[in-house]
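1. fold the following.
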Amino acid sequence: MKKNKEKVFFLIILFLAFCPLNASATGGGLRKNSIKTCPDGVTYGLHSDGHGGTHWHVAVTNGDNYYSSGEAIYSDPCPDSKKNYGTAGQTQGSTNSSNYSNYNNSNTETNSIQEPEPEPQKSNDTSIKYIWIDGKTIDDIKDSMEFETINKKIRNHITTTDSKAKSEVNGNLENLVIDEINKVEIIVTAEDGSKKTYLLNIKRNIGTNDITITEFSINDSSIDFDADKKGTTFVYYWNDTFNYKYKLSDENATIKLMQDGKEIKNKKLKQGYNNYEIQIIDQNDNVNTYYLEIERMSKGGSIALIIITAGLILIPVSAVIIIIIVLKRKKKKEKMANDSSESIENNEKIEELEENDVQENEISLDKKHCPVCNIKLNNSNKSNAKFNEYTICKSCIKKINEYRGGEIPTDHIYLEDLQKIVNGEK
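-> From the prediction side, this is the model:
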C-alpha cells in the first residue's frame, strides 16, 4: 500500500514537471520554418504545446534562433501572409530563456516597426550657368546684361545651374529693331517653385555684307565699277532723267538709290555731275555700298561730242571709198594703156581723167564769198568766224552757234557739216 502511494506521488511530480497548467511561454524555441512577418510588422512563429498540437507566439531572436514571447495565440495571426523565415527584432539576450523574460509585447512591436523615410527637400536654385545667344556665350551672369548683334533674328538657349529648374524667355527675338534697345526677360523657375527674372538688353547695329553687283546699266548703257566700287557714266543734255537695271550676287538682296542720305524716287538729273550711293541690303538689313556718278552734259558739249563721234566714224569710211576709187581708176588706166590700137585716144582720156580727179578733190572757194552759203561778203555781213582761212557770214555763223549751243571753233569740222546745219538738214 505504501509502495503504491509512492508511485502515485512520483507520477504527479512528473505530470507537473512536464505539463504546465497554462500556455504562457517565456523563451521556448520556435520552429524556424514557421517564422513569418505580418503586415503590421510583427514577426510570429509556431510553438509545440506538448500534447501533439501547436500554437503561435510573438517571435524574438538573438540572431541565430527564434524564441517565443508573451501569451500563446491559438489561431494564425495573419493567414494571408506567407512564411518568410524572416527576422524579428534582435534581442540582447543569449539562448538562456531567462534573458527573454524582460521583453513584452510592446517591446516586440516597437522593435519590428520601421519608420518612413522623410521626403528630400526640393531645390530653390534659380541661378543661370550660361546663356548661348546668336552663336556667342554669356557666362558672366548678372541681373541685367548687355548684348549687341547685327542680325535681325537671333536664336538662344538658357542653361540653368540646377537641371531641375526651368527657364522661359519673354521678348521679341524674331525682328530686332535697329539702333534701339530690345528688352528681353529670362524667367527661371526653381524645383520648389521659386522664381527669378533676369533682364537682357539687346542692341542691334547695322552691319556690312559682301553681296556684289554683277550687272548694272543706266539707260541701257553698261556701267563698270572699279576696285573702290565706284562707277561713272554720262548722258546727253536732253536726257534729264535716267533708268537703271541691275543683277546682284544674292537674289534675295535688294538695293536702294541714295542721295544726300535720303532714298530717291524721282530720278531727275541736273546739268553737271550727279552723285549717288547704291546700297545693297541683305535679309538682315546689313549694307554694302557702291558709288555712282552720272554727268549730264551741256547742250553744246552734247552736240560737239556727237559731231566728233560721227567724224570718227566717217573718216575711216571715206578713206576706204577713196582707196576703192583710186584702185578702179588705176585699173582702168592700165587697161587703156595696154590697148595699142587706141593709144593716142587712151592717152588723151587718161589726161582728162587725171584732170577730173584733181578737180574733184579741190574745193572751189573764194575769199570774197561765204564758204558755207556762197553769199558775197561785205562789211555788213562779215563775221569774225572763219572756216580755215575763209570768212563765214554772220547769218551762217548765227545758225551754227544756235545749233551747237555756243561758240566753238569751226576750223576743225567738215564744211559739209556746216552747210547741212545752215540748210536745216541736221
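
2. how many other residues sit next to Thr149?
-> The number of residues packed near Thr149 is 20, by other Cβ atoms under 10 Å. Using the backbone N, CA and C atoms, a C-beta is placed for each residue, glycine as well.

3. check contacts around the residue lying closest to it once chain neighbours are set aside.
-> Among residues not flanking Thr149 along the chain, Asp134 sits closest, at 5.0 Å (Cβ to Cβ, 6 or more residues apart in numbering). By Cβ atoms under 8 Å, 6 or more residues apart in numbering, the contact set of Asp134 is Phe147, Thr149, Asn151, Ile154, Arg155, Asn156.

4. I'd like to know which of these are buried.
-> Buried members of these, counted by 16 or more other Cβ atoms under 10 Å: Phe147, Thr149, Asn151, Ile154, Asn156.

5. give me the beta-bridge partners of the second one?
-> Think Thr149. Per DSSP bridges, the residues bridged to Thr149 are Arg204.

6. please report how far it lies from Thr289.
-> Thr149 sits at a distance of 21 Å from Thr289 (criterion: Cβ to Cβ, to the nearest Å).

7. Ile264 touches Met258, doesn't it?
-> Yes - if you go by Cβ atoms under 8 Å, Ile264 and Met258 touch, sitting 7.0 Å apart.

8. what about Asp210, helix or strand, and which?
-> Under the criterion DSSP states H and E, no helix or strand holds Asp210.

9. can you get me a residue count around it?
-> Asp210 has 10 nearby residues by other Cβ under 10 Å.

10. once you drop chain neighbours, what's closest to it?
-> That would be Asn288: by Cβ to Cβ, 6+ apart, it lies 6.6 Å from Asp210.

11. which strands or helices does the host helix or strand of that neighbour pack on?
-> Here Asn288, judged by DSSP H and E, is contained in strand 287-296. Packing partners of strand 287-296 (3 or more Cβ pairs under 8 Å, 6 or more residues apart in numbering; DSSP states H and E): strand 213-218, strand 230-235, strand 272-281.

12. quick one, the last one and strand 287-296 angle?
-> Orientation of strand 272-281 against strand 287-296 (axes from the mean of the first three to the mean of the last three Cα atoms, to 10 degrees) gives an angle of 160 degrees.

13. buried stuff in strand 272-281?
-> Neighbour-count burial for strand 272-281 [16+ other Cβ under 10 Å]: Asn274, Tyr276, Glu277, Ile278, Ile280, Ile281.

14. now swap in stretch 365-384 and tell me
-> Per 16+ other Cβ under 10 Å, stretch 365-384 contains these buried residues: His369, Cys370, Pro371, Val372, Leu377, Ser383.

15. dump these to JSON lines, plus secondary structure, distance to Ser222 and pLDDT.
-> Below are the buried residues of stretch 365-384 laid out as JSON lines (DSSP: H, G, I helix; E, B strand; the rest coil; distance: Cβ to Cβ, whole Å; pLDDT from 0 to 100):
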{"residue": "His369", "secondary structure": "strand", "distance to Ser222": "48", "pLDDT": "87"}
{"residue": "Cys370", "secondary structure": "coil", "distance to Ser222": "44", "pLDDT": "88"}
{"residue": "Pro371", "secondary structure": "coil", "distance to Ser222": "42", "pLDDT": "84"}
{"residue": "Val372", "secondary structure": "coil", "distance to Ser222": "39", "pLDDT": "84"}
{"residue": "Leu377", "secondary structure": "coil", "distance to Ser222": "50", "pLDDT": "86"}
{"residue": "Ser383", "secondary structure": "strand", "distance to Ser222": "43", "pLDDT": "83"}
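
16. from those residues, which is closest to Asp64?
-> Nearest to Asp64 out of the buried residues of stretch 365-384 is Val372 (Cβ to Cβ; 147.1 Å).

17. pretty sure Lys166 is touching Thr160, no?
-> Yes - look at Lys166 against Thr160 with Cβ under 8 Å: they come within range, at 7.5 Å.

18. all strands of the stretch 251-400 of the chain, in order?
-> Residue ranges of the strands in the stretch 251-400 of the chain, as given by DSSP state E, counting those that start in this stretch, are 254-259, 262-263, 272-281, 287-296, 382-387, 390-393.

19. Asp224: which of the ones you listed is closest?
-> Among those, the nearest to Asp224 by Cβ to Cβ is strand 287-296 (11.5 Å).

20. residues contacting that closest one, please?
-> By Cβ under 8 Å, 6+ apart, the residues outside strand 287-296 that reach it are 206-213, 218, 223, 225, 228-237, 239-240, 242, 269-281.

21. among these, name the buried ones.
-> 209, 211, 213, 218, 223, 225, 231, 233-237, 242, 269, 274, 276-278, 280-281.
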